[in-house]
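> Need a 3D model of the sequence below.
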Amino acid sequence: MRHAVGRTLNNLLVALVLLLGLVAVAGAQESNQIGQLFITSSNTESFPTVRLQLFGIDGQGMPIDFATEPLFVSHDGFPVDEVAFDGKTPVGTLTVFLIDAAGGTTDQIPAIKAAIRQFAAPGNMQEQLDYVAVYQIRANGPQQLLAPTQFYNGVNNFLDTTELTPEEGATSLYDSVISLVGEIDGLKPRPEMAASIVLISDGTDPGTSQAEPSDVMLRAADAGVPIHTLHLENPALGAGLELGRAYMRDLATGSRGVAAELADADTLNTVWARIVALRDHSWIRYTVPQAAGGTVPVEVSLLNNRDTKATTEVTISAAAPNVVIDLPRESRNLTVPNLDEPVELQLSAGVSWLDGQEREVTAAQLLVNGTPVADIPVGDLASFKVPIPNLIIGDNRLEVVATDSQGITSTSAPVIITVAEGEQLEVPEALQPSGGFSWTWLLWLLAVAGLAAVGFWLWRSRAGSAAAPAGGRSRRRRRGRTAEGYPSVPTPSEGVDTTGEVDFMSTSVYESPFVMAHLEVLDAQTLMPEELTLGDAEVRLGRSPAQATVAFRDDITVSRYHAVLRLEGNRYRIYDAGSTSGTYVNERQVPEYGLQLADGDEIQLGAVRLRYRQL
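Numbering: from 1, shown residues only. Next up is the predicted model:
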């Protein structure tokens, strides 16, 4: 009778402890709903492209798919323009089975072994990539029974030869789990692996513990170690049975794990699937916003949840070559009738060095869709043509790999060329191979010949005027300069005898399509000329020399491709090119349809200020 009463009181005490624990657990769960990111490796060999290897779990413990999840990356404090998913790679997992078998659970030992065998088999554990370890909770903490092994036979031989026996004395569940969480990084065969704990227990802690129930999930969640729980039903618990099951369920949820019943073999597959999902890590890549050598901090976060983030440091050699493919964005689309034959394209690339030193390029190669297609003569890097045999319909990734005299190899940031299928071959002018007959060159030759003829006629006309009779007034007046420094044009109101001379105000020569316009640089960090001549029909402004006609390389407030000036009629019109800070004319933001520029207009790109000048 006395023994029965003592057991009843013990069960009630266990139930009370568990009930108080569940209250603390509920509060802890609310603070662990933010996901986690882990940067497990980095690669700067393809500078200016940086690659990061990472994995992540959301607030519910589900793996994050970086192929679809948008990311925000800052490199050395500067936001990155574009982050691209770059595939997955198998890294492996470490799964630690932690067995908390108390007295009275001897008959469930076969079910515990069966669960471990089920995981350590083809379809779940991948041999020689994933590792399994086995621990048991004793009176003095967790005891290792099987060190991490990567072989099925290692696990099976252990289970065949080892007699698992329940612990008759009191065990300390909370302290043991916390202790194992703290040791698990040292157990990983490879530091980049994701680790998980599978706790097999009835959910009670009859031993003396220095920890609270909620401490377990808080420690595990902070360490990024999900605890998957397999509830071991112990009829001896009496009233504490359901409370123990509830604690195991809450412990799994609070540490971003999965809860299951040991006796339900089907639900175990949910646990195994969650562990296996962390085997593959993702690669992402980006182009550095500011090319500089040294060790710099990098932060990655979810674009839609900036609290889910990870940080690391990457080291870039100050002597590394910086390889850039020079191809405007508007020239990255072409149409082909078919891809039965290689498509010959004209390309251009440049190489510079971060430390400003000029070195020799000793080898160069073109990669298309990750496959080498041609060696590039180093003397032809600025302009080379190559037949490409492996283009596909859709997006194609072009990269140039260059090796310098130091033996350092760098790969350019990838340029994406989009190929569409059509009735005839349509290649942008920038990609058209030089040499052979070209209608474009013919039109240019005709235009030059026409201008030469007009110039010759004008010279003859002026020469005739200069041969006027002695004593007569000269019929040709030299154009002077206005106070602003722009050419002045004589008019009849100035009292000049225009009899017999060429009428500059009415001839087609005066109405030349060449517009005399330039930009005055009022404020810029980049060392620039005081005046920037506008001589093309389209002038791109930005920070990147690879994308902009006029590049403000040192002005970090300017986007890589910030704005564009297009000649419309005899005046330029300015458009914003999707910049981060916007483009302003006379303190008015440039709308989507652009703004016509007039002489004296002040243009602002970030902190850069310019003044537009035109006759």
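
> Packing partners of the helix or strand where residue 185 lies?
Assigned by DSSP states H and E, residue 185 belongs to helix 173-187. Secondary-structure packing of helix 173-187 (3 or more C-beta pairs under 8 Å, 6 or more residues apart in numbering; DSSP states H and E): strand 93-99, strand 131-138, strand 141-149, strand 194-201, helix 213-223. Backbone N, C-alpha and C define where each C-beta goes, glycine included.

> ok, residue 304 touching residue 68?
No. If you go by C-beta atoms under 8 Å, residue 304 and residue 68 don't touch, sitting 11.5 Å apart.

> These two: who's more crowded?
Per other C-beta atoms under 10 Å, whichever of residue 304 and residue 68 has more neighbours is residue 304, with 10 against 7.

> Show the model's pLDDT score for that one.
pLDDT, the model's per-residue confidence, is 88 for residue 304.

> Okay, buried residues for stretch 115-125 please.
115-116, 118-120, 124-125 (16 or more other C-beta atoms under 10 Å).

> Redo those residues as a markdown table? Include distance to residue 609, secondary structure and pLDDT.
As requested, the buried residues of stretch 115-125 are exported to a markdown table (distance: C-beta to C-beta, whole Å; DSSP: H, G, I helix; E, B strand; the rest coil; pLDDT from 0 to 100):
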| residue | distance to residue 609 | secondary structure | pLDDT |
| --- | --- | --- | --- |
| 115 | 70 | helix | 96 |
| 116 | 70 | helix | 97 |
| 118 | 69 | helix | 95 |
| 119 | 65 | helix | 97 |
| 120 | 67 | coil | 96 |
| 124 | 63 | coil | 95 |
| 125 | 63 | coil | 96 |
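
> Of the residues you listed, just say which sits nearest to residue 312.
Using C-beta to C-beta, residue 125 comes nearest to residue 312 of these, at 28.9 Å.

> Residue 326 is in contact with residue 352, correct?
No. Between residue 352 and residue 326 there is no contact under C-beta under 8 Å: 11.9 Å.

> Could you measure from the nearest residue to residue 261 once chain neighbours are set aside over to residue 115?
Of all residues not flanking residue 261 in the chain, residue 231 sits nearest, at 5.2 Å (C-beta to C-beta, 6 or more residues apart in numbering). To residue 115, residue 231 is 12 Å away according to C-beta to C-beta, to the nearest Å.

> anything in contact with each of the two?
residue 262 (C-beta atoms under 8 Å, 6 or more residues apart in numbering).

> Enumerate the beta-bridge partners assigned to residue 418.
residue 333, residue 395 (DSSP bridges).

> Spit out the contact partners of it.
Here residue 418 is in contact with 332-334, 394-396 (criterion: C-beta under 8 Å, 6+ apart).

> Kindly recompute the last result at 7 Å.
For residue 418, the contact set (C-beta atoms under 7 Å, 6 or more residues apart in numbering) comprises 332-333, 394-395.

> Of the residues you listed, which is the most crowded?
residue 332 (17 neighbours).

> Next one: the residue nearest to residue 261, what pLDDT does it get?
pLDDT recorded at residue 231 is 94.

> My read is that it contacts residue 247, right?
No. Using C-beta atoms under 7 Å, residue 231 makes no contact with residue 247, being 9.3 Å away.

> Of these two, which one has the most company?
residue 247 (27 against 24).

> my read: the more buried one touches residue 205, true?
No. With contacts counted by C-beta under 7 Å, residue 247 stays clear of residue 205, the gap being 8.9 Å.

> Can you give me the neighbour number for the nearest residue to residue 236 once chain neighbours are set aside?
Using C-beta to C-beta, 6+ apart and skipping the chain neighbours, the partner closest in space to residue 236 is residue 104 (4.3 Å). Residue 104 has 14 neighbouring residues, counting by other C-beta under 10 Å.

> Okay then, goodbye and thanks.
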